[in-house]
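**Student:** just the structure for this:
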Amino acid sequence: MTTEAYEQLNRPGWLTFAAVVMFAVGSLRFISALYYFANSTRVANVTAGAFGDHLVLWGLWDLGIALLAFWAGYSLLSGNTFGRVVGYIWAISVIVESFLILQYAPWFGFGTLLLATLVIYALSATSGWRDTTTGP
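**Tutor:** Numbers count the residues shown, from 1 in each chain. Model prediction:
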């Protein structure tokens, strides 16, 4: 990347952080959804959870979270305001799920709660930034 192209890219670091977190969590959630769909023995015991022992529903939930994360991350890196809206929806969904799974997987629940909170902070702290390089 030339220095000229780098100087034109003035995206805030927190916004890039939010997009990278969404891509990382989206990838892990996609893999997790595959485990749920395969009825794998690597899945934690979630029989008393929100969806019971219906692993397909847990897989669909994780797949939805992954798709939202990929969509929001791509849209944020593209400079679209719509990515912020999807990012907030993603973070709220992850926070809700964190509280639902906190009893069964406390470290996972706390970790996802922390990441979603950081993404909300990143989106709100950079709310005044607009990408001026892509047109009017």
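**Student:** do I have it right that Trp90 meets Ile65?
**Tutor:** Yes: using Cβ atoms under 8 Å, Trp90 is in contact with Ile65, at 7.0 Å. The way it works is simple: take the backbone N, C-alpha and C, and place the C-beta from them, glycine included.
**Student:** of these two, which one has the most company?
**Tutor:** Neighbours were counted for Trp90 and for Ile65 using other Cβ atoms under 10 Å; Trp90 has more, 30 against 23.
**Student:** wait, what's in contact with that one?
**Tutor:** By Cβ atoms under 8 Å, 6 or more residues apart in numbering, the residues touching Trp90 are Met22, Ile65, Leu68, Ala69, Ala72, Ala116, Val119.
**Student:** where does pLDDT dip in this structure?
**Tutor:** Low-confidence segments of the chain, defined by pLDDT under 70: 1-9, 39-54, 129-136.
**Student:** could I get the buried residue list for the helix or strand harbouring Gly83?
**Tutor:** Secondary structure assignment for Gly83, by DSSP states H and E: helix 82-101. By 16 or more other Cβ atoms under 10 Å, the buried positions in helix 82-101 come out as Gly83, Arg84, Val86, Gly87, Trp90, Ala91, Ser93, Val94, Ile95, Glu97, Ser98, Ile101.
**Student:** grab the nearest non-local neighbour of the first one.
**Tutor:** Looking back up the chat, that one is Gly83. Distance criterion Cβ to Cβ, 6 or more residues apart in numbering; nearest residue to Gly83, sequence neighbours excluded, is Ser75 at 2.8 Å.
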